[in-house]
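Enquirer: Turn this into a model:
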Amino acid sequence: MDQNQALLVMDFQPAVLAAVGGDDAPALGAAVRAAKAARAAGLPVVFVRVAFRPGYPEVNPANKGFAALAQYGDIFDEEGPATIVHPALERARSEPLITKRRVSPFAGSDLGALLGGLGADHLVLAGVVTSGVVLSTLRHASDADYRLTVLSDACADPDDEVHDVLMRKLFPQHADVTTVDAWVAGL
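Expert: Modelled structure (predicted):
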């Protein structure tokens with residue numbers, strides 16, 4: 001087992017999960033299994049969420065993706081219930097939580113410093129949405145020379161075809177793509 005792994009569980013929060021099936025999303029169940037296995041193996045589990053200050057002052061109207069959030073009102077307010085880590089993941093207070101204000105958790109956060117402190121040079125990715133946080137994290141982490149594993153069944157996208165294309169064609173160029181069960185079997 002690679003002891004320098006860290007599991008990144010990204011954007012598994014009600015406001016984002018709603019786009020892929022909410023509490024019934026298969027990716028949520030897979031992420032729960034991955035988090036439990038990582039803890040049992042003594043690997044760090046790092047949680048990431050997307051949230052903004054009240055009124056979204058971080059969102060520039062020129063940012064087409066984030067400017068659209070205004071239509072949802074205050075659902076992505078950092079103090080609101082829709083931005084908490086889903087309770088099924090049983091995040092322990094000792095498990096780090098990165099609050100991001102952009103698609104990538106590396107942009108403007110201390111994630112790189114945290115991973116350095118953990119001694120992690122191999123990131124295992126689980127996240128919603130595949131074409132958003134997972135893709136952005138994979139691209140940044142690949143450029144930063146992390147070893148990468150993507151847990152295909154612990155990721156989801158509102159567009160199944162986009163998810164499939166990323167998992168089959170793009171992600172394998174930068175990462176090992178596997179299932180939670182196959183990853184757990186190797187721990």
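
Enquirer: and residue 36, how many neighbours?
Expert: 15 (other Cβ atoms under 10 Å). C-beta coordinates here come from the backbone N, C-alpha and C atoms, glycine included.

Enquirer: State the helix or strand in which it lies.
Expert: helix 26-40 (DSSP states H and E).

Enquirer: counting contacts, what elements does that helix pack onto?
Expert: For helix 26-40, the packing partners by 3 or more Cβ pairs under 8 Å, 6 or more residues apart in numbering; DSSP states H and E come out as strand 5-10, strand 45-50, strand 122-128, strand 147-156, helix 180-185.

Enquirer: and the angle for it with strand 122-128?
Expert: 150 degrees (axes from the mean of the first three to the mean of the last three Cα atoms, to 10 degrees).

Enquirer: what does helix 26-40 contact?
Expert: Helix 26-40 is touched from outside by 5, 7, 9, 12, 17, 20-21, 44-45, 86, 88-90, 124, 126, 128, 151, 153-156, 179-181, 183-184, 187, with contacts defined as Cβ atoms under 8 Å, 6 or more residues apart in numbering.

Enquirer: which among those end up buried?
Expert: Neighbour-count burial (16 or more other Cβ atoms under 10 Å) applied to the contacts of helix 26-40 gives 5, 7, 9, 12, 17, 20, 44-45, 86, 89, 124, 126, 128, 151, 153-156, 180, 183-184.

Enquirer: Might you list the low-confidence residue ranges for this structure?
Expert: 1-2 (pLDDT under 70).

Enquirer: let's go with 90 and repeat that
Expert: 1-3, 55-57, 59, 61, 64-74 (pLDDT under 90).

Enquirer: check contacts around residue 44.
Expert: Residue 44 touches 6, 7, 38, 95, 96, 118, 120, counting by Cβ under 8 Å, 6+ apart.

Enquirer: Thanks again, I'm all set now.
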